[in-house]
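# What follows is a protein structure lacking sequence information:
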Ligand SMILES: NC(=O)c1ccc[n+]([C@@H]2O[C@H](COP(=O)([O-])OP(=O)(O)OC[C@H]3O[C@@H](n4cnc5c(N)ncnc54)[C@H](O)[C@@H]3O)[C@@H](O)[C@H]2O)c1
Ligand SMILES: O=C(O)C[C@H](O)C(=O)O
Ligand SMILES: [Mn+2]
């Protein structure tokens, strides 16, 4: 039996002043609240006014977290009323500030689960205790070694798991009672944290090798056992671990790596949106990725797959794709390629000047890319000279600087438009306001995995798919690409975030339908739309 005080302190149950007089009597909270009963709309208006009075984005985010910790319904109702305004505050880029300052700002563990490689607490027990009787269907887990582009943030990274889950609910209507954020703390190599007396994580370097692999596997086994209907989302693992973990589990459980797969989907969708505008085919493009880590290699793999679907042979498709990383253009004789880079590494014999292709400018000059994607974490890497060199060989250069947060972007949309006289088709990872240039209003697409992962997760969970496979992933990308109206001058390559809930629904339907059509669901689903509707949660009293 939940006591009155427990009700008021439980964000899943608490309505605050929204409790009616009858509810107050029934639950025993009569007399424990100010007498006036407010509607959800009244609470929202009052709370939103307070939100607006906060002097900085960081203060705004901290205030919203306070509301989240107090009353989930109010938080999500307010989010639903201000999606475009709240996304950058709740999520990227402002989330990066709270992650960097997490230990100093800590007030509440936010119903997350914290696993430490140093402690011997039982994984299953902690998961059960955190779930508190709920049937968890979705976990976002991070070890926070590669948070956005800001690197290793140890246990502070729990915020990315919390934030990604908030977007699942705001975008796709995932029930907040169905989710659990998890952080795996195997140490941190971030000196600043190790020296910060407030740091709340394990104060040693990251544990690697077998012990780490076992730590991750113990978590996976416990999570799968405790929650049989689980969709397991991996976020912001370092390059060397993300793909390895995904490949280990993806054929056996329903699992998803956001940086590799989610980013692949949204960037392919953005490229298809650009094709809608130019009237060209993806298989005619010359694709260059600057930065070939989790995101860069994940996107290249998705672009490659799409080129195959358009009818190219494997050899032909590979001949359209170039990867540049720290070494320069990647060649097949390099001994430090990742398994994900290797298929796209080139032969030196293809180029007369192979040994000079060590920087982005030389590569752009040599190969004349038509699509340039940035996932390098190198701010300003797409310079005016490089962009104008690219633009001198192609009518509409397609340029997606995707590194997050704002301070790491390879180029701003405004600069790209100015440097190319409005010709560039641009998307960034962060939200960008419309840009006026020579009388045209340019809308800038946000190529951020947040536009797809919520629908992808909801659709997969609703379908009861046993795995999340490439067909489902491809279906997700195509469901978004079709939404762009390319005939308008200044049109964006992706639909606007204001339509987030609408296209999350489209993605969910496409993905669930794909699973059903492939016959890979645990249960028989006769109508995917009603299966999705049945799972959805709405913030209301
Ligand atoms: N928009 C999105 O949806 C989205 C999704 C995922 C990642 N990202 C962003 O992409 C960036 C990379 O993320 P990730 O998860 O792939 O990280 P990662 O560490 O796996 O990859 C980064 C890659 O960039 C390379 N790199 C670093 N310095 C370089 C340089 N000077 N020249 C060339 N390459 C260099 C690294 O060697 C590495 O291979 C981050 O800023 C992240 O925020 C954006
Ligand atoms: O978190 C984001 O905004 C996108 C992406 O997952 C990233 O790591 O940058
Ligand atoms: Mn990420």
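Received it, and whenever you're ready, just let me know what you need. As the structure is a computational prediction, the values presented were derived from the model and not from experiment. Numbers count the residues shown, from 1 in each chain. Ligands and ions are numbered 1, 2, ... in the order given.
# give me the number of residues near residue 225?
12 (other Cβ atoms under 10 Å). Every C-beta, even on glycine, is put in place using the N, C-alpha and C of the backbone.
# so what's it up against?
residue 124 (Cβ atoms under 8 Å, 6 or more residues apart in numbering).
# So for whichever helix or strand it is part of, mean pLDDT?
Assigned by DSSP states H and E, residue 225 falls within helix 209-226. Here helix 209-226 scores 97 as its mean pLDDT.
# Show me which positions of that helix end up buried.
Residues of helix 209-226 classed as buried: 212, 215, 216, 218, 219, 220, 222, 223, 224, 226 (neighbour count, 16 or more other Cβ atoms under 10 Å).
# which two in those are spaced the farthest apart?
Using Cβ to Cβ, the two most remote members of the buried residues of helix 209-226 are 212 and 226, lying 21.4 Å apart.
# other SSEs contacting the longest strand along the chain?
Counting by DSSP state E, the longest strand found in the chain is strand 179-185. Other helices and strands packing on strand 179-185, by 3 or more Cβ pairs under 8 Å, 6 or more residues apart in numbering; DSSP states H and E, are strand 113-116, helix 123-131, strand 138-142, helix 158-172, helix 209-226.
# make it 6 Å
When contacts are defined as 3 or more Cβ pairs under 6 Å, 6 or more residues apart in numbering; DSSP states H and E, strand 179-185 packs onto strand 113-116, strand 138-142, helix 158-172.
# Columns mean neighbour count, mean pLDDT and distance to residue 446 on top of those, output as CSV?
Below are these laid out as CSV (neighbours: other Cβ atoms under 10 Å; pLDDT from 0 to 100; distance: least, Cβ to Cβ, whole Å):
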stretch, mean neighbour count, mean pLDDT, distance to residue 446
strand 113-116, 20, 97, 30
strand 138-142, 27, 98, 20
helix 158-172, 26, 98, 12
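# near ligand 2, which residues of the stretch 301-450 of the chain?
Counting by Cβ under 6 Å from any ligand atom, the positions of the stretch 301-450 of the chain adjacent to ligand 2 are 404, 429, 448, 449.
# With adjacent residues omitted, what lies nearest to the third one?
Same thing as residue 448. residue 429 (5.0 Å; Cβ to Cβ, 6 or more residues apart in numbering).
# And the one you found, how close does it get to residue 446?
Distance, residue 429 to residue 446, using Cβ to Cβ, to the nearest Å: 7 Å.
# what do you get for residue 452?
Distance, residue 452 to residue 446, by Cβ to Cβ: 11 Å.
# So these two - more neighbours on which side?
When residue 452 and residue 446 are compared for neighbours, residue 452 comes out ahead with 31 against 25, by other Cβ under 10 Å.
# correct me, but that one touches residue 266?
Yes - between residue 452 and residue 266 there is a contact under Cβ atoms under 6 Å: 5.1 Å.
# what about the closest residue to residue 97 other than its chain neighbours, how many neighbours?
Closest residue to residue 97 apart from its sequence neighbours, by Cβ to Cβ, 6+ apart: residue 58 at 5.0 Å. Residues lying near residue 58 (other Cβ under 10 Å) number 15.
# Spell out which residues belonging to this structure are near ligand 1, please.
So the chain meets ligand 1 at 146, 148-149, 239, 259, 263, 266, 290-296, 324-326, 375-378, 402-404, 408, 429, 447-449 (Cβ under 6 Å from any ligand atom).
# and ligand 3, which of those contact it?
Among the residues of the chain next to ligand 1, the residues within reach of ligand 3 (Cβ under 5 Å from the ion) are residue 259.
# List only buried entries from the residues of the chain next to ligand 1.
146, 148-149, 239, 259, 263, 266, 290-296, 324-325, 375-378, 402-404, 408, 429, 447-449.
# Now, those residues that are in strands?
Reading strands off these with DSSP E, I get 290, 324, 325.
# Look up the residues forming beta bridges with the first one.
The one in question is residue 290. Beta-bridge pairing of residue 290, defined through DSSP bridges, involves residue 324, residue 374.
# gap between residue 15 and residue 221?
Using Cβ to Cβ, one obtains 38 Å as the distance from residue 15 to residue 221.
# scratch that, residue 473 is what I was asking about
Applying Cβ to Cβ to residue 473 and residue 221 gives a distance of 25 Å.
# now residue 51
42 Å.
# Can you give me the pLDDT of the residue in the chain that ligand 1 sits nearest to?
Closest contact between the chain and ligand 1, by Cβ to the nearest ligand atom, is at residue 293 (1.8 Å). Confidence at residue 293, expressed as pLDDT, is 98.
# show me the contacts for it.
Residue 293 makes contacts with residue 239, as judged by Cβ atoms under 6 Å, 6 or more residues apart in numbering.
# switch to 7 Å and redo it
239, 375 (Cβ atoms under 7 Å, 6 or more residues apart in numbering).
# Please report how far it lies from residue 1.
Distance, residue 293 to residue 1, by Cβ to Cβ: 51 Å.
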